[in-house]
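# compute the structure for the input listed below.
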Amino acid sequence: MLVVCVTGMPGSGKSSFAKSLSSFLNAKLIVMGDVVREEVKRRGLPITITNVELVATELRKAYGRGAVGAKVAEMLRGSGEDYVIVDGVRSPEEISYLRSLGDLCVVAVHAAPSIRYTRQLSRAREGQLTLEELRFRDSKNLEYGIGDVIAMADYMIINEGSAKELEGEARRLAEAIRGGLWRGRCGGRG
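Residues are numbered from 1 along each chain as shown. Sure, this is the predicted structure:
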């Protein structure tokens with residue numbers, strides 16, 4: 001199994017990239033944020049950025065920085081998939097759990113903060129967003145260790161253009177993966 005971990009700050013385009021990549025590879029897509037959102041719902045809380053980030057922080061304090069990655073690895077173990085795309089990896093500890101599943105490749109999607117904030121404010125996925133909430137979300141992601149994951153990326157995608165351009169990047173990576181070209185570039189089992 002090749003696990004492709006897609007990371008990036010909120011609003012960078014990582015979810016769009018992960019969705020396109022999974023489509024091109026006909027691969028299973030796991031969204032790590034969905035695991036946390038399920039826990040928020042289980043606790044009877046409304047889905048807001050603040051609640052999602054607070055529950056994610058609580059999970060990591062209780063079970064370690066790799067808590068969400070451990071849950072995802074447990075879900076995928078023995079699945080028999082050729083390729084799995086994991087959207088939203090935020091810590092090196094999560095990478096360690098996912099690496100235990102098979103070969104691993106880390107892709108970071110980057111966009112400037114001004115572009116990311118504009119995107120997030122325009123889509124308002126979790127309700128009405130404020131700039132203060134977006135900055136809080138960024139600080140929590142950095143606290144989780146996302147900067148370390150971005151630094152260890154095997155591929156870096158700069159996403160400051162159109163959705164079509166980002167889709168083209170996903171298509172090119174899918175072709176490289178299908179052609180086995182990732183083997184010389186990605187960390188594998190390390």
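
# which SS state does residue 79 fall under?
The local conformation at residue 79, judged by DSSP: H, G, I helix; E, B strand; the rest coil, is coil.

# for it, give its distance to residue 180.
21 Å (CB to CB, to the nearest Å). (Glycine included, C-beta is placed from N, CA and C.)

# identify the residue nearest the geometric centre of this structure.
In the chain, the residue lying closest to the centroid (CA atoms, centre = their mean) is residue 88, at 1.6 Å.

# any idea how many residues pack against the closest residue to that one other than its chain neighbours?
Spatial nearest neighbour of residue 88, chain neighbours left out: residue 32 (3.8 Å); criterion: CB to CB, 6 or more residues apart in numbering. Residue 32 has 22 neighbouring residues, counting by other CB atoms under 10 Å.

# please report how far residue 32 lies from residue 130.
For residue 32, the distance to residue 130 - CB to CB - is 24 Å.

# hang on, the earlier thing: so the residue nearest to residue 88 sits right up against residue 86, yeah?
Yes: if you go by CB atoms under 8 Å, residue 32 and residue 86 touch, sitting 6.4 Å apart.

# okay, and the common contacts of these two?
residue 72 (CB atoms under 8 Å, 6 or more residues apart in numbering).

# any idea which strand is longest in this structure?
Using DSSP state E, we find that the single longest strand of the chain is strand 103-110.

# just checking: what are the partner strands of that strand?
When pairs are called by DSSP bridges, strand 103-110 turns out to pair with strand 2-7 (parallel), strand 155-158 (parallel).

# what's in contact with it?
The contact list for strand 103-110 (CB under 8 Å, 6+ apart) reads 1-9, 12-14, 17, 21, 89, 95, 98, 149-150, 152-159, 166, 173, 177, 182-183, 185-190.

# from those, list just the buried residues.
With burial judged by 16 or more other CB atoms under 10 Å, the buried subset of these is 1-9, 12-14, 17, 21, 89, 95, 98, 149-150, 153-155, 157, 159, 166, 173, 177, 182, 186.

# and those, which of them are in helices?
In helices, defined here by DSSP state H, the members of the buried ones among the contacts of strand 103-110 are 14, 17, 21, 95, 98, 149-150, 166, 173, 177.

# columns distance to residue 72 and pLDDT on top of these, output as JSON lines?
Output for these, formatted as JSON lines (distance: CB to CB, whole Å; pLDDT from 0 to 100):
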{"residue": "14", "distance to residue 72": "15", "pLDDT": "97"}
{"residue": "17", "distance to residue 72": "18", "pLDDT": "98"}
{"residue": "21", "distance to residue 72": "17", "pLDDT": "98"}
{"residue": "95", "distance to residue 72": "11", "pLDDT": "96"}
{"residue": "98", "distance to residue 72": "7", "pLDDT": "95"}
{"residue": "149", "distance to residue 72": "14", "pLDDT": "96"}
{"residue": "150", "distance to residue 72": "19", "pLDDT": "97"}
{"residue": "166", "distance to residue 72": "23", "pLDDT": "98"}
{"residue": "173", "distance to residue 72": "20", "pLDDT": "96"}
{"residue": "177", "distance to residue 72": "19", "pLDDT": "94"}
